[in-house]
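Chemist: sharing a model prediction with you, sequence too.
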Amino acid sequence: MDLQELKNRAKQEIDKVVDLDEIEKTFKKYLGKKGEVALIFDSLKDLAIEEKKALGQEANVLKQEIEEFFEQRKKEIKNTASEIKQTTERIDITRPGTKMARGHLHPLTLVLKDALKIFQTMGFEIAQGPELETEWYNFDALNVPKDHPARDMQDTFWLRQNMSTNYKKQITNNNKSNKLLMRTHTSPVQVRYMETHQPPLRIIVPGRVFRNEATDAKHEAQFYQLEGLMVDKEVSACNFKAIIEEFLKRFFKANVEIRLRPGFFPFTEPSFEIDAKRADGKWMEIMGAGMTHPNVFKAAGLNVSVSAGHGWCGFAFGVGVDRLALLKYKINDIRLLYQNDMRFLEQF
Ligand code: PHE
């Protein structure tokens, strides 16, 4: 058996191989279980002991050499492959990139977050209350007369009164009207907060409210309010106006024209309505407000008598968050905020 010939032949063949598939085939041919080198080892058994030793050693050397040829060639093939890749595949850095789709906040959330932050910098604390309310907190405690039209089925979503007693216990208050409704405004949180906190206090209450009314461009059956309440010894309508003007200036980052009109709410006296000027020059009501009615303090269990040294007074306001969003983003229909139309939402 001519081992030298076999070695040369293997080397030549291995050097001609150009891809890794072929390498494997050639590897089998020479070094596989039934390959040419294996045949040599097989033939050893018929030889005399001396010859066996000599040829065996040579065959082992040959095997190692051929293995090295393969390793060497494999490296070469890999190198040329990556070389080819590097010269043919180029990154075109002038190509426009693909836009990554990122989630973002809903315009109402943006407005709420922004507004809350501004009030917090002015010393207001965030408070919250339940969306499912009792008649007491939503109306009675707020000095709303028993026959007020807002209590009507047409304006308020009343609940069938068979709700879980556990939950009812959590939100209701003995001796007071426990009839359940979806709160029509965030004002009940004023009372809830004052029941557990002593003045001086300043709170801001974000929340969802519900009205049983027909929807149009300015009205939805559910929308968001931002309630404010400040109670202290000497709080006046001037304080209210200053705070609201400062808020609006910071919120719109521009001077928005506003006007105060006399209004009426049972829980404030005097009451105002505040309008802001829209881009098209028309006025839009954005909040109701006023000086807290003494009956509200009483309902919350606050002593308001000046002779007792308390003499608390305060102002409250309820901002239509949706209305702020309409103004800020120059949207003309409140319903767009609730339809989740991607073409609309993607603009924010
Ligand atoms: N709760 C009133 C409404 O929903 C707004 C308001 C809040 C008015 C606080 C005065 C004081 O219209």
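Modeler: Structure received.

Chemist: ok now stretch 60-74, how far from the chain's centre?
Modeler: Computed by CA atoms, centre = their mean, to the nearest Å, the chain-centroid distance of stretch 60-74 equals 61 Å.

Chemist: typo on my end, it should be stretch 328-341
Modeler: With CA atoms, centre = their mean, you get 18 Å for stretch 328-341.

Chemist: could you do stretch 118-128 as well?
Modeler: On CA atoms, centre = their mean, the centre of stretch 118-128 falls 21 Å from the chain's centre.

Chemist: is the ligand within reach of that stretch?
Modeler: No: Stretch 118-128 lies out of reach of the ligand by CB under 6 Å from any ligand atom, never closer than 13.6 Å. All C-beta spots, glycine's among them, are computed from the backbone N, C-alpha and C.

Chemist: which ones are touching the one residue in the stretch 51-200 of the chain that gets nearest to the ligand?
Modeler: Among the residues of the stretch 51-200 of the chain, residue 185 lies closest to the ligand, at 3.3 Å counting by CB to the nearest ligand atom. With contact set as CB atoms under 8 Å, 6 or more residues apart in numbering, residue 185 has these partners: 138, 209, 225, 227, 318.

Chemist: ok, residue 82 next?
Modeler: Applying CB under 8 Å, 6+ apart, no residues qualify as near residue 82.

Chemist: residue 46 now?
Modeler: Per CB under 8 Å, 6+ apart, neighbours of residue 46: none.

Chemist: what residues does the protein put near the ligand?
Modeler: 185, 187, 227, 265, 268, 288-290, 316-318.

Chemist: want to try CSV for those residues, with distance to residue 276, secondary structure and pLDDT as columns?
Modeler: Formatted as CSV, the residues of the chain next to the ligand follow (distance: CB to CB, whole Å; DSSP: H, G, I helix; E, B strand; the rest coil; pLDDT from 0 to 100):
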residue, distance to residue 276, secondary structure, pLDDT
185, 19, coil, 97
187, 21, coil, 98
227, 18, strand, 98
265, 19, strand, 96
268, 19, strand, 97
288, 13, strand, 97
289, 13, strand, 97
290, 18, strand, 97
316, 19, strand, 98
317, 13, strand, 98
318, 15, strand, 97
